[in-house]
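**Student:** sequence plus predicted model, see below.
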Amino acid sequence: QVQLVESGGGFVQAGGSLRLSCAASGSIFFIKAMAWYRQAPGKQRELVASITSGVGTAYADSLKGRFTISRDIAKNTVALQMNSLKPEDTAVYYCNVQTTRSYDPSAPKSDYWGQGTQVTVSS
């Protein structure tokens with residue numbers, strides 16, 4: 001099993017910044033990708049940003065330029081730097097980790113989720 005511990009959420013005024021962190025621990029052979037998702041009240045969970053083992057990144061189109069994802073491979077951590085926050089960024093943010101038991105690209109993946117951290121942006 002893999003455990004994820006998130007931190008860094010909170011309350012901020014529009015235009016402010018927050019940095020989320022997520023640390024993975026437990027039975028980890030290889031982390032294929034790490035990502036952040038968010039879910040606002042009454043909405044579906046959506047991908048915010050992801051980063052692969054090769055440090056390739058992807059972002060939701062609406063967030064490019066404001067959010068930056070990074071990871072420390074040695075420490076199995078992933079961070080999300082959020083700048084110029086807007087009220088519509090208010091949501092619960094979830095850390096996601098995909099692990100495999102082999103370096104084979106076709107190996108089955110296991111998904112793990114953090115407990116979520118609340119981000120509230122006031123106008």
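**Tutor:** Structure's in. What do you need?

**Student:** phi, psi for E88 please.
**Tutor:** Main-chain dihedrals, E88, degrees, to the nearest 10: phi -70, psi -10.

**Student:** Three-state assignment for the most centrally placed residue in the chain, please.
**Tutor:** Nearest to the geometric centre of the chain sits W36, at 2.1 Å (C-alpha atoms, centre = their mean). Following DSSP: H, G, I helix; E, B strand; the rest coil, the label given to W36 is strand.

**Student:** residue contacts, it?
**Tutor:** Shown in contact with W36 (C-beta atoms under 8 Å, 6 or more residues apart in numbering): 20, 22, 47-50, 69, 78, 80, 93-96. For every residue, glycine as well, the C-beta is placed using N, CA and C.

**Student:** select from those residues the one having the most neighbours.
**Tutor:** Among the contacts of W36, the one with the most neighbours (other C-beta atoms under 10 Å) is V78, at 29 neighbours.

**Student:** which strand or helix spans that residue?
**Tutor:** When elements are assigned from DSSP states H and E, V78 belongs to strand 77-82.

**Student:** neighbouring contacts of that strand?
**Tutor:** Contacts of strand 77-82 (C-beta under 8 Å, 6+ apart): 8, 17-24, 34-36, 48-49, 51, 66-72, 89, 93, 95, 97, 119.

**Student:** one more: stretch 105-120?
**Tutor:** With contact meaning C-beta under 8 Å, 6+ apart, stretch 105-120 is reached by 2-12, 18, 20, 22, 24, 32, 38-39, 82, 85, 89-101.

**Student:** circling back to that earlier point, specify the beta-bridge partners of the residue nearest to the centre of the chain.
**Tutor:** On the basis of DSSP bridges, W36 is bridged to A49, C95.
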